[in-house]
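# compute the structure for the input listed below.
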Amino acid sequence: MPILSRNYASSKWCLVELTKMVTMASKSDSTKEILPIYLHVNSDDIKLKTPLYHDAFVQHERNFGADQVKVWRDALMEVEEIKRWSLKTYIGYGKLIKEIVQEVLIKLNARYKNVTEHLVEDHVQIDAIMKLLEVDYSGVRFVGVHGIGGIGKTTLAKVIYNKLYSRFDRYSFLENVQEISRRSDGIIYLQKQLLSSILHSTCSNSIFVRDNDQGIGMIKKALCDKKILIVLDDVEKKEQLKKLVGKSDWFENGSRVIITTRNMSVLTDRTERLEVDAVPNRHEGILTYEVKEMRFSQALQLFCRHSFRRDFPTEDYNILSRQIILILGSCLWLSRVLLLRSLINIGDDNKFSMHDQVRDLGRHIVYEENCRFPGKRSGASEEIEAPSRAIMVKVMVVAIPSLMKNYRDYGV
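Got it, this is the predicted structure:
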């Protein structure tokens with residue numbers, strides 16, 4: 001974003017930087033843009049039709065030679081053809097700054113994936129996945145991120161995508177692959193979304209895909225000559241991978257594919273052990289990472305951000321906050337066991353259901369601890385140092401549906 005002021009052309013370093021901007025933008029295949037601002041100058045000044053910039057270039061030619069000055073002049077002429085903001089068309093700086101900020105945010109948000117306001121980044125897990133991706137490695141890498149529903153796979157993928165997308169020629173984040181694939185035209189719809197991102201099309205509906213096979217051919221052709229970052233979120237079946245990202249030989253070297261899934265079998269057949277492949281610099285398999293549950297300190301920080309709008313509990317609620325995290329943490333561990341045993345279920349719509357035996361067990365334990373007035377059972381008190389089984393079951397039965405939804409939305 002060069003700010004072309006009245007003294008801009010007199011600075012050698014400004015012209016050097018401008019030339020670099022033009023060179024980078026021209027080589028970026030439309031992924032980088034120059035957004036110039038005219039500050040007390042007009043188009044004639046930039047075109048060297050007035051003494052303001054013209055005299056500065058005459059002096060530069062004496063100092064640095066005609067060939068170097070021609071490079072700077074050509075860069076300046078390219079920038080002059082770009083749509084710009086000019087202070088002269090605004091009353092004061094306020095409205096101009098507001099409009100520039102809005103334009104930049106629109107351009108950034110077209111690529112940036114929104115994450116929760118109260119995000120607590122798990123740098124250990126982020127670094128572990130980044131190490132598997134090894135972006136500086138010249139070959140192609142597929143990385144599968146797996147774990148139970150709600151543990152934070154999607155949020156992790158979004159955080160990593162936001163950190164990396166600017167280092168690639170093209171990028172695409174396909175969300176809800178499982179849900180969309182269930183539609184009659186689901187795979188074709190996803191293929192069109194992927195092609196739209198890769199080809200920088202403003203509308204996926206403008207891309208015609210007759211059937212899955214044609215879509216595969218179009219994707220292979222689009223992927224082969226660009227360094228690309230693709231995220232496929234919530235993949236359920238291997239067929240979805242085959243029809244969207246196929247094999248590593250579809251891709252240009254340096255490309256990366258991130259897959260999130262609850263279903264480990266999607267990844268296992270092709271799990272890569274880093275042996276030497278037949279094709280140099282390519283990996284035919286998928287490197288895998290299992291997402292871990294939040295550590296106590298992170299869970300406490302997340303709880304405090306929601307409850308107190310700060311990263312740590314107030315003094316009055318310090319002990320109680322830690323007890324709550326211990327209880328909920330125990331319940332999350334228990335809920336994971338029950339999920340694996342199919343005794344409870346959390347559907348894609350966050351609808352919570354449980355086996356009758358789990359429901360009856362919770363009711364029995366609560367009744368056993370206060371048989372006369374089970375409905376008035378108060379739960380934890382300040383003197384309790386560890387969660388009782390009644391509290392654990394009550395939290396599991398009453399709180400886990402909303403807890404798991406929030407965990408899915410906020411946990412990393």
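# residues of stretch 79-89 that come out buried?
Val79, Glu80, Arg84, Trp85, Ser86, Leu87 (16 or more other CB atoms under 10 Å). Where C-beta positions appear, they are placed from N, C-alpha and C, glycine not excepted.
# nearest to Asn253, of those residues?
For Asn253, the nearest member of these is Val79. The distance, counting by CB to CB, is 32.6 Å.
# so that closest one is in which element?
If you go by DSSP states H and E, Val79 is part of helix 66-80.
# if we can go back for a sec, got CSV for the buried residues of stretch 79-89, with distance to Asp316 and pLDDT too?
Below are these laid out as CSV (distance: CB to CB, whole Å; pLDDT from 0 to 100):
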residue, distance to Asp316, pLDDT
Val79, 59, 90
Glu80, 63, 89
Arg84, 55, 76
Trp85, 51, 81
Ser86, 56, 83
Leu87, 53, 80
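# rebuild the residues you listed as CSV, extending it with distance to Phe168.
Output for these, formatted as CSV (distance: CB to CB, whole Å):
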residue, distance to Phe168
Val79, 25
Glu80, 30
Arg84, 28
Trp85, 29
Ser86, 33
Leu87, 35
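# heading C-terminal from the helix holding Val79, find the next helix or strand.
strand 85-86.
# packing partners of that following strand?
Strand 85-86 sits against strand 37-38, helix 93-109, with contacts defined as 3 or more CB pairs under 8 Å, 6 or more residues apart in numbering; DSSP states H and E.
# and these, which one is worst for confidence?
Per-stretch mean pLDDT for these is lowest at helix 93-109 (a mean of 73).
# toward the C-terminus, what is the element adjacent to that helix?
helix 123-133.
# who does the very next helix or strand once past that following helix pair up with?
For helix 123-133, the following helix or strand on the C-terminal side (DSSP H and E) is strand 141-146. Take DSSP bridges as the rule and strand 141-146 pairs in its sheet with strand 256-261 (parallel), strand 287-290 (parallel).
# so can I have JSON lines of those showing distance to Glu121?
Shown next, in JSON lines, are the strands paired with strand 141-146 (distance: least, CB to CB, whole Å):
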{"stretch": "strand 256-261", "distance to Glu121": "17"}
{"stretch": "strand 287-290", "distance to Glu121": "16"}
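# most tightly packed of the ones you listed?
strand 256-261 (a mean of 25; mean count of other CB atoms under 10 Å).
# give me the contact list for that strand.
Residues outside strand 256-261 that contact it (CB atoms under 8 Å, 6 or more residues apart in numbering): 129, 133, 135, 140-146, 153-154, 156-157, 160-161, 164, 168, 228-236, 241, 245, 251, 266-267, 286.
# what do you get if the cut-off is 7 Å, keeping everything else the same?
133, 135, 141-146, 153-154, 157, 160, 229-236, 241, 245, 267, 286 (CB atoms under 7 Å, 6 or more residues apart in numbering).
# kindly report the same for stretch 215-228.
For stretch 215-228, using CB under 7 Å, 6+ apart, the contacting residues are 168-171, 188, 191, 194-195, 198-199, 209, 243, 246, 250-252, 254-255.
# centroid-nearest residue for the protein?
Lys158 (2.0 Å; CA atoms, centre = their mean).
# tell me the angle the stretch of helix or strand that one belongs to makes with strand 256-261.
Following DSSP H and E, one finds Lys158 within helix 153-164. Orientation of helix 153-164 against strand 256-261 (axes from the mean of the first three to the mean of the last three CA atoms, to 10 degrees) gives an angle of 170 degrees.
# what packs against helix 153-164?
Contacts defined by 3 or more CB pairs under 7 Å, 6 or more residues apart in numbering; DSSP states H and E place helix 153-164 against helix 123-133, strand 141-146, strand 228-232, strand 256-261.
# return the set of buried residues in it.
Lys153, Thr154, Thr155, Leu156, Ala157, Lys158, Val159, Ile160, Tyr161, Asn162, Leu164.
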